[in-house]
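Enquirer: A predicted structure for the sequence below; I have some questions about it.
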Amino acid sequence: MTASAGLNSIRQAIKRIVAFLPSDDWIVIGWVIAIKTLLFVIGVKSYPMLWDKYAPTPNRWFALWDQWDFGYYQKIAEFGYEAKDGSLAFYPLFPCLLRLVAYITGSYLAAGLVLSGIASIAAAVLLRRLVQLDYDSAIALRSVWFFLIFPTGYFLHVGYSESLFLALALGSVLAARTGGWGLAGVLGAFCWITRATGAVIIPTLAVEAAQKYSTNRRWNPQWLWIALVFTGFAAYLLLNWHITGDALAFLQTRKVSFEQSFALPWTGIWKMVRAHYPTPNEAEMVGEQELAFLALGLMCTIVSWIKLRPMYAMWMTGNLILFTSVNYFRSIPRYTLTMFPIFILFGLLSQNRFWAGVLTVWSLLFFALFAVLFARGEWAF
C-alpha cells in the first residue's frame, strides 16, 4: 500500500466516524472535552496562584480531584459494603462500575475520571437530542451549554455519580419520548440503583404515559414497562438486607453517619435560616449558597409547569421534594445539577441576548470558584 493510499484510508475512516453522529453531537462532545481539559488545568494552576505551591507531578494533578464522596465510592469498589461505616448510604451501580473500570486502568481514581468522562459525554448528547424533540437546534445547543457550565457542573467530570445518573435518567426519558418504553424501564431501573432520586423516574414516565393517553385515548401495554424501574430499588433493598439483615438499613445509616433523616421541607428551610455559622465561609457555603440554589430550583420548578412538558415538570417537582425532605439541607447546589429541565428553561431564556450574557457569566464565574475550592479539598457541595 502506498503512502497516499494509506492517507486516503485514514481519511475515509475519519469520515465514517464523523458521519456516525450528527454535527451538533460532535459540537457537544467537543464542549465536554474542552471544559474537562480546562477544568483540570484550572485545578493545577490554582495551586501556585492562590496557595503559593505546586502540584508537581501528573499523579498529583489528578489527585486534586480525589475529594469527599469519592473516598466512599473507592472504598466500596475496593472492599465492598460494611454495615457501620456509612457506605450503605451510597447506591451501588457507580462503585460497581468503578471496580470494573479500575480493573482495566489499574487505578480507582483514573477509573472514576474515565467513568464520569464517558457518562458526561453521553448525558450531554442525550440532553441535546431530548431538547431537540420540542425545540430547534439552537435552543438544544444552548441548553447543553448551560448544563455543562452550570456552577456545580464540575461534578460531571470528577469521581461522583452525577454524570452516570444523568446519562441514565436522560436516556430513560428520551426512550419514553420516542416510544421505547422497554428501554425506558431498564434505564430507569439502573438510574434508581445509582441514586435515591432515581425514584422520580416512575412518576415522570407515568406522567408522560398519561399525557399520551389523554391525547390518543388509547391504552398502550408498553407502559407497563414503567414498573420495571422499581427493580433497581428492590436490588438496593436486597443489598441492605444481605449486609445487615435489614432491608431499610440505609435509613439508619444516613441518620447515624450523616445526621440526616426525613422531615418536611420547611423544617430544613427554617433550620437553615435560623442557624448560627461559626465562620463566614460556612455562612456562605453551608447557608447562603444552599438557600440560593434552593430558590433557583423552586422558581424553575414553578415555571416548568407553565412552560415545559408535564413530564419535565414532574421530574423537577419530584427531585425538589426528595432532596429537601430532610431535617437539614446538604449539597443542594450539586443536586440542582440533576434537575435537567432547568437548562431547557435557560436555553429558552437565552434567546434574549441580555439574559444569555448574564447566565453565561454567572455560570462560568461560580463554576471556576467552586471548582477551585473543591480541588483545594474545601467544602464545595
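Expert: Noted; the coordinates are in hand.
Enquirer: which residues of the protein score low on pLDDT?
Expert: 1-19, 55-56 (pLDDT under 70).
Enquirer: Pick out the residue nearest the middle of it.
Expert: Using CA atoms, centre = their mean, the residue of the chain that lies closest to the mean C-alpha position is residue 162, 2.9 Å off.
Enquirer: my guess is residue 225 contacts residue 187, does it?
Expert: No: here residue 225 does not reach residue 187: they are 10.5 Å apart, not a contact under CB atoms under 8 Å. The C-beta positions use only the backbone N, C-alpha and C, and glycine is treated the same way.
Enquirer: of these two, who's got more company?
Expert: More neighbours surround residue 187 than the other of residue 225 and residue 187, with 26 against 22 (other CB atoms under 10 Å).
Enquirer: Does the more buried one lie in a helix or a strand, and which?
Expert: Element membership for residue 187 (DSSP states H and E) is helix 181-192.
Enquirer: part of a helix, is residue 364?
Expert: Yes: under DSSP: H, G, I helix; E, B strand; the rest coil, residue 364 sits within a helix.
Enquirer: nearest spatial neighbour of it, skipping sequence neighbours?
Expert: residue 149 (5.6 Å; CB to CB, 6 or more residues apart in numbering).
Enquirer: residues near the one you found, how many?
Expert: Number of residues near residue 149 (other CB under 10 Å) recorded here: 21.
Enquirer: quick one, what contacts it?
Expert: Taking CB atoms under 8 Å, 6 or more residues apart in numbering, we find residue 149 in contact with 35, 360, 363-364, 367.
Enquirer: for residue 142, what are its contacts?
Expert: Residue 142 is in contact with 346-347, 350, 356, counting by CB under 8 Å, 6+ apart.
Enquirer: hmm, try it at 7 Å
Expert: By CB atoms under 7 Å, 6 or more residues apart in numbering, the residues touching residue 142 are 347, 350.
Enquirer: Only alpha carbons, please: show the helix or strand hosting it as PDB.
Expert: Following DSSP H and E, the helix or strand that holds residue 142 is helix 137-148. Listed next in PDB are the C-alpha coordinates belonging to helix 137-148 (Å, rounded to 0.1, in the frame of the first residue of the first chain):
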ATOM      1  CA  SER A 137     -31.200  23.000  17.300                       C
ATOM      2  CA  ALA A 138     -30.100  26.400  18.600                       C
ATOM      3  CA  ILE A 139     -32.100  26.100  21.800                       C
ATOM      4  CA  ALA A 140     -31.000  22.500  22.200                       C
ATOM      5  CA  LEU A 141     -27.300  23.500  21.900                       C
ATOM      6  CA  ARG A 142     -27.800  26.400  24.300                       C
ATOM      7  CA  SER A 143     -29.500  24.100  26.800                       C
ATOM      8  CA  VAL A 144     -26.500  21.800  26.800                       C
ATOM      9  CA  TRP A 145     -24.100  24.700  27.000                       C
ATOM     10  CA  PHE A 146     -25.700  25.900  30.300                       C
ATOM     11  CA  PHE A 147     -25.800  22.400  31.600                       C
ATOM     12  CA  LEU A 148     -22.000  22.000  31.100                       C
END
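Enquirer: Show me what counts as buried in it.
Expert: By 16 or more other CB atoms under 10 Å, the buried positions in helix 137-148 come out as 139-148.
Enquirer: Check the gap between residue 375 and residue 44 for me.
Expert: Noted for residue 375: a distance of 9 Å to residue 44, by CB to CB, to the nearest Å.
Enquirer: Looking at the two, which one has more neighbours?
Expert: Neighbour comparison, residue 375 and residue 44: the larger count goes to residue 375, with 25 against 18 (by other CB under 10 Å).
Enquirer: could you check the distance from the more buried one over to residue 278?
Expert: Relative to residue 278, residue 375 is positioned 24 Å away (CB to CB).
Enquirer: Same check on residue 186?
Expert: Going from residue 186 to residue 278 by CB to CB gives 47 Å.
Enquirer: of these two, who's got more company?
Expert: Using other CB under 10 Å as the criterion, residue 186 and residue 278 rank with residue 186 on top: 20 against 7.
Enquirer: Leaving out chain neighbours, which residue sits closest to the more buried one?
Expert: Of all residues not flanking residue 186 in the chain, residue 228 sits nearest, at 6.4 Å (CB to CB, 6+ apart).
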